[in-house]
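*Asks:* whatever this is, show me its structure:
(one chain, ligands or ions: 1)
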Amino acid sequence: MKDLETKYLYPKNPKKIKYPIYPYIQQLSDYKVFKSNYISGHRENRLKTKLESLYKNSEILLTNSGTSALKMGLVCLDIKPNDEVMFTNFNCPNIIDAVLSIGATPVFVDIEEDFSLSFEDIKKKVNDKTKAIISTHVYGLKENLKIYDWAKKKNIYIVDDGAQAMFTLQNNKFVGGHGDIGILSFGFTKPLSSIGGGALIVNNKSLIGRLPKVPIETEEEVYIDYKNYFRSWVLCRLNTFYIPSKLNKVWYRLFKMPETYLSKTEAFPRNIRLIEIKRMNRLREELILKQFYRYKKIRDYNIANYQEMNNNLKCLVRYGIKLIHLDKGESPNYYTLIFPNEHQRYECSEYLAGKGIQTCWNYIPLDEIPIYSKYKSNTKNANTVWGRVLSVPFKYPLVSKDIQYISLQLKNYIGKSTLLNI
Ligand SMILES: *Cc1c(COP(=O)(O)O)cnc(C)c1O
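*Replies:* Got it, this is the predicted structure:
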């Protein structure tokens, strides 16, 4: 029974978060973008041009979110009601909401041990109705490009979802640039962390004429997202001080971040989200561009921190813990350990919380969320691995000293837990 309870609880949040899992890189000084003469003083399409230099030979269309870029992409691929779209259930709800919003049928496929889509399972589940496959590059990792070649021969479209994997290079091309279309997201949990926004990357030129006409979002909408980002930044700072838990609850309510105190089941979406596709306002474009310049060096920091953590933790392998080794070109969005059992994962996340280290468990498989459970399909790996994954902070602005601290705490937990088991 205990296992069942802990399985659906969020990792306990530290009372005082020394190491947040998503560090907000401050965007506060960027308020100048909202001043009346800022936009008129700059050229148009600066972010679009920047992205087109990363994705040569592709057309970029900027949107108000990654989910709306995905929905726009699916419309562009002419996916119709009752067509089937495949993707892994080890995923965030945004993907399934985009698929459902155009009336298509989601088909869950399994993942391999390296978190890439299972070619074998795709071949098992493919049929005449299969129109597209969305690959999500879990944690920022590579996908199996053999699936892309196979799909092309079968006239099945590939959506290269780079929301988690912007800056990961595969075959000398940035993720998002493979397949027929790709998408990016600029939400705060993503590699290029900003106030939100998205990009549709049209790689298959024959699709450009099919792009639907959509309105541009208002300045007010951008301002609301900027304010939310600002608020979360303040909250993140505040959490580095100890706040008595009663007061803390009030803070979370006040800042509308209740999910940190609820169990997974309570935080489940109750409804399928409506997705309004809008083109990106220039204000948002300028804000994201400013983050883009900051991120050049952040990518290298993140990779170095990741390697250092892996190096520190390699001794844990003999306790049955699996580490993910980066392949050449990979730019990770999470540092994730895979425990031998669910109980240890839960206990470790609790232990780390006591040391001020916030953790997260990505992802609860979509078919375990009641509103999507009717699409349940045989996806054994995804449904068994999720109870054992634990992501720990590793990103910039953490430095070597912080990585040492986090890895030491992980090792301490393992030391304690194995001692007890003997
Ligand atoms: C976050 C995410 C999206 C959606 O992006 P938003 O900007 O949050 O709408 C799409 N795909 C993946 C893999 C994601 O992680």
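
*Asks:* which residues touch the residue in the chain that the ligand sits nearest to?
*Replies:* At 2.4 Å from the ligand, Gly66 is the closest residue in the chain, using CB to the nearest ligand atom. Quick note: C-beta positions are derived from backbone N, CA and C, even for glycine. With contacts defined as CB atoms under 8 Å, 6 or more residues apart in numbering, Gly66 is in contact with 94, 163, 183-187, 190, 197-199.

*Asks:* tell me the pLDDT of it.
*Replies:* Here the pLDDT value assigned to Gly66 is 98.

*Asks:* spatially nearest residue to it (excluding sequence neighbours)?
*Replies:* Ser185 (2.8 Å; CB to CB, 6 or more residues apart in numbering).

*Asks:* and the one you found, its phi and psi?
*Replies:* phi -130, psi 150 (degrees, to the nearest 10).

*Asks:* same thing with Pro20?
*Replies:* According to degrees, to the nearest 10, Pro20 has phi -70, psi 150.

*Asks:* over to Asn305?
*Replies:* Taking degrees, to the nearest 10 as the convention, Asn305 sits at phi -60, psi -40.

*Asks:* please name the nearest non-neighbouring residue to the residue nearest to the spatial centre of the chain.
*Replies:* Centroid-nearest residue in the chain: Gln164, 4.4 Å away (criterion: CA atoms, centre = their mean). Leaving aside its chain neighbours, Gln164 sits nearest to Asn333 (4.7 Å; criterion: CB to CB, 6+ apart).

*Asks:* can you list the residues of the stretch 151-300 of the chain near the ligand?
*Replies:* 161, 163-164, 185, 187, 196, 198 (CB under 6 Å from any ligand atom).

*Asks:* which among those gets closest to Val126?
*Replies:* Asp161 (19.0 Å; CB to CB).

*Asks:* let me see the ranges of the strands in the stretch 201-350 of the chain.
*Replies:* 322-323, 335-338 (DSSP state E, counting those that start in this stretch).

*Asks:* neighbouring strands for the shortest one, and are they parallel or not?
*Replies:* Sheet partners assigned to strand 322-323 using DSSP bridges are listed as strand 335-338 (antiparallel).

*Asks:* direction included, what does the helix or strand containing Val159 pair against?
*Replies:* Per DSSP states H and E, Val159 falls inside strand 157-161. Using DSSP bridges, the strands paired with strand 157-161 are strand 130-135 (parallel), strand 181-185 (parallel).

*Asks:* where does pLDDT dip in the stretch 301-422 of the chain?
*Replies:* 419-422 (pLDDT under 70).

*Asks:* rerun that using 90 as the cut-off
*Replies:* 346, 350, 353, 358, 360-362, 397, 416-422 (pLDDT under 90).

*Asks:* mind listing the helices for it?
*Replies:* 342-354, 380-385, 400-421 (DSSP state H, counting those that start in this stretch).
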